[in-house]
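Asks: generate coordinates for the sequence data below:
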Amino acid sequence: MTRGDGVRSAAGTFAELGGDTQAMSLVAFTAVVTVTLLLCVLTGPDRDDLDEFYTGYRSLSPLRNGLAVAGDYISAATVLGTGGVIALYGYDGVVLALSTALSLMLLMFLLAEPLRNAGRFTMGDALARRLPGRAVRITACAVTIVALLPMMLVQLAGTGQLLAFLLGFSGDSLKTACMIVMGVLMISYAAIGGMKGTALIQIMKIVMLLGSGAVVAVLVLHRFDWNPGALVDAAAAGSGIGDAFLRSGPQFSSGPQPGLDMISSQLAVVLGGACLPHVTMRMYTASSARQVRRSMSWAVSGVALFVLVITVVGFGATALVGRAAIAQADPQGNTAYLLGSRAAFGQAPSTAETLLFTTVTTAIFLTVLASVAGMILACANSLAHDVLAARARETSPRREMLLARLSALAVGGPTILLAAQVQHRSLQPLVTLSFCLGASALAPALVYSLFWRRYTRTGLLSTLIGGTLSVLLIMPGTNLVSGSPAAAFPDADFNWFPFTTTGLVTIPLGFALGWLGTVASGRRKAEEQRRRYEAVEGWILAGAVRREG
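Replies: Numbers count the residues shown, from 1 in each chain. Below is the predicted model of the structure:
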């Protein structure tokens, strides 16, 4: 898990890099914003066609769709946070990075094809395919927004602070103004570009992020004579904790149950990351089951490369800068990626190296822009398609597209206002909250609805509502919210759940509530749902028939 305000503290490092670097980054950032907005205008839907807006006519090749999936999956919080955990805790951070890749592999092998076959535009479509009803769609929309809102707040609050440092602003009002400008850009990407426009931005982002990161990783290895063992040894020496840096445990050592805490965190990452709606919506853009398999192969490859890059850069930061300096810059280590990138160039970087570092910072800016735009689009699509358009029996494509664009504004506007209110607090609990909601509510609902024949509407609503409420009730009692200097409320102590995440309790509870709701529906309902599932089983599991409309 990551600390969202790490984007803000990373800006402190960036601000010290000198006027030339700031000027170059400002030019690069302006160019990227101009190009991405132009891409959205050129590739956005030019007709009142729902398929074009929601799926881009499923016209993306497997490579481009796979890169878009990887782009949606890797957020700025992941880049900075995972790199920070690796730099501060070594082995524990590498396990977290591998869990990130494992999560996408879980989506690839278990859920990707059935999701593509069952759904059309949104997660509500996939769930209502088995269990139709307005309550199902409204609940799916509500959980989608609740799960993605915390992630949007984290990244939007951080990127406003980072842009303010780039421009040399120090006042809170100017930082908030920068955040509002960034938020408006993100809303524009979603409303204008639709699925295809945001996909192209995600592709541009992932190419820049992996390309610049790979070059930095090569430079780090070059500093250690191309010897990974020497890099690891130097990182252990720079960590100040010796061989413990290379063993499990340091990240959770302050808790009463470090082993269980680590298991809980890994479960939340593996199950939650794969099921968040802004990632699963990319499954509907594949034109066939074969295409979605090939797309996911490219996505997993991209994320695997990211894991390798972030591991090398994280260890490089510890070896070249030192764990103490990284923790001093930010207790959660979110500056490690920038510090490691900067240190790879040595004391007096050349113009070419300064340009490369500018590419790194610009890639992080674009990562934030693209990630939040994808999340806004997922929420807006669900609100427009599952709630607003579903109210009327006959909603014209023109009206639904207008609703989708207005929904982007309806979601993005309050997000900007909330981000302005929380930008000065530790936001790590919000990132953790999103993953826990994905793992405790969305994962059980998808697994049961796609694979359990007897699953009923009551079971589905019990899973979604019960899983969400359990996370929202337990999360305030975790270590991240109070009881420590790094918590969101450092001066308070209402910590009663001695773990970092809620997953140890809420994930089994989400599955249990789905089972109990189905049992409570009665044998007759369960048998009725079994017959309905058997009627669509070929579509869902094998794509035997592609549903239209």
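Asks: what residues sit buried inside stretch 172-185?
Replies: Buried residues in stretch 172-185, counted by 16 or more other Cβ atoms under 10 Å: 175, 176, 177, 178, 179, 180, 182, 183, 185. (C-beta placed from N, C-alpha, C; glycine too.)
Asks: for residue 395, what are its contacts?
Replies: 389, 403 (Cβ atoms under 8 Å, 6 or more residues apart in numbering).
Asks: quick check: it is in a strand.
Replies: No: counting by DSSP: H, G, I helix; E, B strand; the rest coil, residue 395 is not found in a strand; it is coil.
Asks: how much space separates it from residue 235?
Replies: Note on residue 395: its distance to residue 235, by Cβ to Cβ, to the nearest Å, is 57 Å.
Asks: tell me the pLDDT of the closest residue to residue 325 other than its chain neighbours.
Replies: In this structure, residue 325 finds its nearest non-sequential neighbour in residue 339, 7.5 Å apart by Cβ to Cβ, 6 or more residues apart in numbering. The predicted structure scores residue 339 at 86 on the pLDDT scale.
Asks: cool, residue 265 as well?
Replies: For residue 265, pLDDT reads 90.
Asks: over to residue 31?
Replies: The model's pLDDT for residue 31 equals 88.
Asks: pretty sure it is in a helix, no?
Replies: Yes: counting by three-state DSSP, residue 31 is found in a helix.
Asks: which one of the buried residues of stretch 172-185 is nearest to residue 450?
Replies: residue 183 (34.6 Å; Cβ to Cβ).
Asks: who are the neighbours in contact with the residue lying closest to the closest one once chain neighbours are set aside?
Replies: Spatial nearest neighbour of residue 183, excluding adjacent residues (Cβ to Cβ, 6+ apart): residue 416 at 3.9 Å. By Cβ under 8 Å, 6+ apart, the contact list for residue 416 reads 156, 179, 180, 183, 184.
Asks: which strand or helix spans the residue nearest to residue 325?
Replies: Per DSSP states H and E, residue 339 falls inside helix 336-343.
Asks: now find how far off-centre that helix is within its chain.
Replies: Between the centre of helix 336-343 and the centre of its chain there are 22 Å (Cα atoms, centre = their mean, to the nearest Å).
Asks: do the same with stretch 359-371
Replies: 14 Å.
Asks: which parts of it are buried?
Replies: Quick answer for stretch 359-371 (16+ other Cβ under 10 Å): 359-371.
Asks: state the distance from the residue nearest to residue 325 to residue 303.
Replies: Taken as Cβ to Cβ, the span from residue 339 to residue 303 is 23 Å.
Asks: with residue 287 instead?
Replies: Distance from residue 287 to residue 303, by Cβ to Cβ: 22 Å.
Asks: try residue 96
Replies: Look at residue 96 and residue 303: by Cβ to Cβ, they are 13 Å apart.
Asks: same check on residue 317?
Replies: Residue 317 is 21 Å from residue 303, by Cβ to Cβ.
Asks: neighbour count winner among the two?
Replies: Using other Cβ atoms under 10 Å as the criterion, residue 317 and residue 303 rank with residue 317 on top: 32 against 26.
Asks: not counting sequence-adjacent ones, nearest residue to that one?
Replies: For residue 317, ignoring the flanking residues on the chain, the nearest one in space by Cβ to Cβ, 6+ apart is residue 340 at 3.1 Å.
Asks: residue 134 reaches residue 390, doesn't it?
Replies: Yes: here residue 134 reaches residue 390: they are 6.3 Å apart, a contact under Cβ atoms under 8 Å.
Asks: where along the stretch 1-150 of the chain do the helices fall?
Replies: 6-15, 19-43, 50-55, 62-73, 76-89, 91-106, 112-118, 123-130, 134-167 (DSSP state H, counting those that start in this stretch).
Asks: extract the CA atoms of the helix holding residue 339 and return them as PDB.
Replies: These are the backbone C-alpha positions of helix 336-343, laid out as PDB (Å, rounded to 0.1, in the frame of the first residue of the first chain):
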ATOM      1  CA  ALA A 336      12.600   7.000  -3.600                       C
ATOM      2  CA  TYR A 337      11.800   6.800  -7.400                       C
ATOM      3  CA  LEU A 338      12.800  10.400  -8.000                       C
ATOM      4  CA  LEU A 339      15.800  10.200  -5.700                       C
ATOM      5  CA  GLY A 340      17.000   7.000  -7.300                       C
ATOM      6  CA  SER A 341      16.600   8.400 -10.800                       C
ATOM      7  CA  ARG A 342      18.500  11.500  -9.800                       C
ATOM      8  CA  ALA A 343      21.300   9.600  -8.100                       C
END
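Asks: any idea how many residues pack against residue 208?
Replies: Per other Cβ under 10 Å, the neighbour tally for residue 208 reads 20.
Asks: the next helix-or-strand element following the helix holding residue 339 to helix 134-167, inter-axis angle?
Replies: Going down the chain from helix 336-343, the next helix or strand is helix 351-382, by DSSP H and E. Here the directions of helix 351-382 and helix 134-167 differ by 160 degrees (axes from the mean of the first three to the mean of the last three Cα atoms, to 10 degrees).
Asks: and helix 351-382, how far out from the chain's middle?
Replies: For helix 351-382, the distance to the chain centre is 12 Å (Cα atoms, centre = their mean).
Asks: likewise stretch 415-426?
Replies: With Cα atoms, centre = their mean, you get 18 Å for stretch 415-426.
Asks: would you mark the buried spots in it?
Replies: 415, 416, 418, 419, 420, 422, 423, 425, 426.
Asks: how about stretch 498-518?
Replies: Of the residues in stretch 498-518, 499-507, 509-511, 513-518 count as buried by neighbour count, 16+ other Cβ under 10 Å.
Asks: now swap in stretch 35-50 and tell me
Replies: 36, 37, 39, 40, 43, 44, 45, 50.
Asks: stretch 234-246 now?
Replies: Those would be 234, 235, 236, 238, 239, 244, 245, 246, for stretch 234-246 by 16+ other Cβ under 10 Å.
Asks: any idea of the pLDDT on the first one?
Replies: Looking at residue 234, its pLDDT reads 93.
Asks: any idea how far residue 489 is from residue 296?
Replies: From residue 296 to residue 489 the distance is 40 Å (Cβ to Cβ).
Asks: residues contacting residue 172?
Replies: Contacts of residue 172 (Cβ under 8 Å, 6+ apart): residue 424.
Asks: ok, now residue 258?
Replies: Per Cβ under 8 Å, 6+ apart, neighbours of residue 258: 249, 252.
Asks: 10 Å - rerun?
Replies: 92, 248, 249, 250, 251, 252, 499, 500 (Cβ atoms under 10 Å, 6 or more residues apart in numbering).
Asks: how about residue 515?
Replies: 444, 448, 452, 454, 455, 459, 462, 463.
Asks: name the SS class of the fifth one, please.
Replies: By that I understand residue 455. Using three-state DSSP, the structure places residue 455 in coil.
Asks: phi, psi of it?
Replies: Dihedral pair for residue 455: phi -60, psi 130, per degrees, to the nearest 10.
Asks: touching, it and residue 517? I think so.
Replies: Yes: contact status for residue 455 versus residue 517: in contact at 8.9 Å, counting by Cβ atoms under 10 Å.
Asks: between those two, what contacts are shared?
Replies: Residues touching both residue 455 and residue 517 (Cβ under 10 Å, 6+ apart): 448, 463.
Asks: quick one on the thing from earlier: is it correct that the residue nearest to residue 325 is in contact with residue 330?
Replies: Yes: under the criterion of Cβ under 10 Å, residue 339 makes contact with residue 330 at 9.5 Å.
Asks: more crowded one of the two?
Replies: Taking other Cβ under 10 Å, residue 339 and residue 330 do not tie; residue 339 has more neighbours (27 against 23).
Asks: dump the residue contacts of the more buried one.
Replies: 10, 13, 83-84, 87, 313, 316-318, 320-322, 325-326, 329-330, 333.
Asks: repeat for residue 137
Replies: 122, 123, 124, 125, 127, 128, 382, 385, 386, 387, 389, 390.
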